[in-house]
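Participant: Compute the structure for the input listed below.
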Amino acid sequence: MKVLIAMSGGVDSSVAALLLKQQGYDVIGGTMEIYQTEKAVEDSRKIAKKLDIPFNVFDFRDIFKEKVMKYFVDEYLAGRTPNPCVVCNKEIKFNALLDGAMDLGAEYIATGHYAQIEERDGRYLLKKGKSSGKDQAYFLYRLTQEQLSRILFPIGGMEKEEVRRIAKENDLFVAEKEDSQEVCFIDDNDYIIHSH
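Facilitator: Coordinates of the predicted model:
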C-alpha cells in the first residue's frame, strides 16, 4: 500500500516515515514548500535519502498565501485570534497535499501529528494523541470524513520521548531537533503589523 508522508524536517515526521517503512508500506516522502522552508526541505530530503524513499517537493506558496496568510491577517485586524494551523491543515496539508499524493498513486497520506483516528460504525473519529502535553488533535478538528479516511498518524499512540529514542537508535540526525512552536510565517514571533 502506497502512502505519502508529509515531512517537515523534524523528528516527528522523520520517525513516522521510518515506522511506515518498517511496517511494510510503500513510502513516498513529500515536503510542502509554503514559506521560508528551505531548511525544512533540505532536512527532509536528507532524511528521505537516509531512509531510501523517493522524495517530492510540493510548491504550495501561492495557495498558502491566499488561504492561510490572508485569513490570518484578516482575522488579526478584525480583533480576533486566528489559528492558521487549523486552516493550513484543512486546506493545504490534508487537501492540496492529499490531491498531490493521489496524483503519485498513493492511497493515504501520513503525518507526524500526535493524534489518532478510530473507525467506529463506518465513521472516523479524531482522538487525542497518547503523548502527554503533545496532543495535536485540536489542530485537526475541521478535517472531513473523506480526509480522515485517508490519513495515518504513525506516532499518534506514542510518547514524545519514545519518538526521540527511536530517532537516536536509527541514527536520524533530527533526533534532538527542537519542536517548532510559533506561527511559521511570522519572524521572531513579532505580530506587529507595520504601516508605511
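
Participant: number of nearby residues for Val11?
Facilitator: Close neighbours of Val11, defined as other C-beta atoms under 10 Å, add up to 25. Where C-beta positions appear, they are placed from N, C-alpha and C, glycine not excepted.

Participant: Let's see stretch 161-174 as PDB, backbone CA atoms only.
Facilitator: Taking C-alpha atoms only, stretch 161-174 is exported to PDB below (Å, rounded to 0.1, in the frame of the first residue of the first chain):
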ATOM      1  CA  GLU A 161      10.400  10.700  24.400                       C
ATOM      2  CA  GLU A 162       9.900   7.300  22.700                       C
ATOM      3  CA  VAL A 163       9.900   9.100  19.300                       C
ATOM      4  CA  ARG A 164      13.200  10.800  20.100                       C
ATOM      5  CA  ARG A 165      14.600   7.500  21.300                       C
ATOM      6  CA  ILE A 166      13.700   5.700  18.000                       C
ATOM      7  CA  ALA A 167      15.300   8.600  16.000                       C
ATOM      8  CA  LYS A 168      18.500   8.200  18.000                       C
ATOM      9  CA  GLU A 169      18.600   4.400  17.700                       C
ATOM     10  CA  ASN A 170      18.200   4.700  13.900                       C
ATOM     11  CA  ASP A 171      20.800   7.500  13.600                       C
ATOM     12  CA  LEU A 172      18.400  10.100  12.400                       C
ATOM     13  CA  PHE A 173      20.200  13.500  12.700                       C
ATOM     14  CA  VAL A 174      17.000  15.200  13.700                       C
END
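
Participant: Give me the mean pLDDT for that stretch.
Facilitator: Here stretch 161-174 scores 95 as its mean pLDDT.

Participant: residues making contact with it?
Facilitator: 9-12, 14-15, 18-19, 43, 46-47, 50, 131, 155, 175-176 (C-beta atoms under 8 Å, 6 or more residues apart in numbering).

Participant: So which of the residues you listed sit within helices?
Facilitator: Within the contacts of stretch 161-174, residues falling in helices by DSSP state H are 11-12, 14-15, 18-19, 43, 46-47, 50.

Participant: what ranges of this protein fall below the confidence cut-off?
Facilitator: Scanning the chain for pLDDT under 70 picks out the ranges 36-37, 135, 180-183, 185-196.
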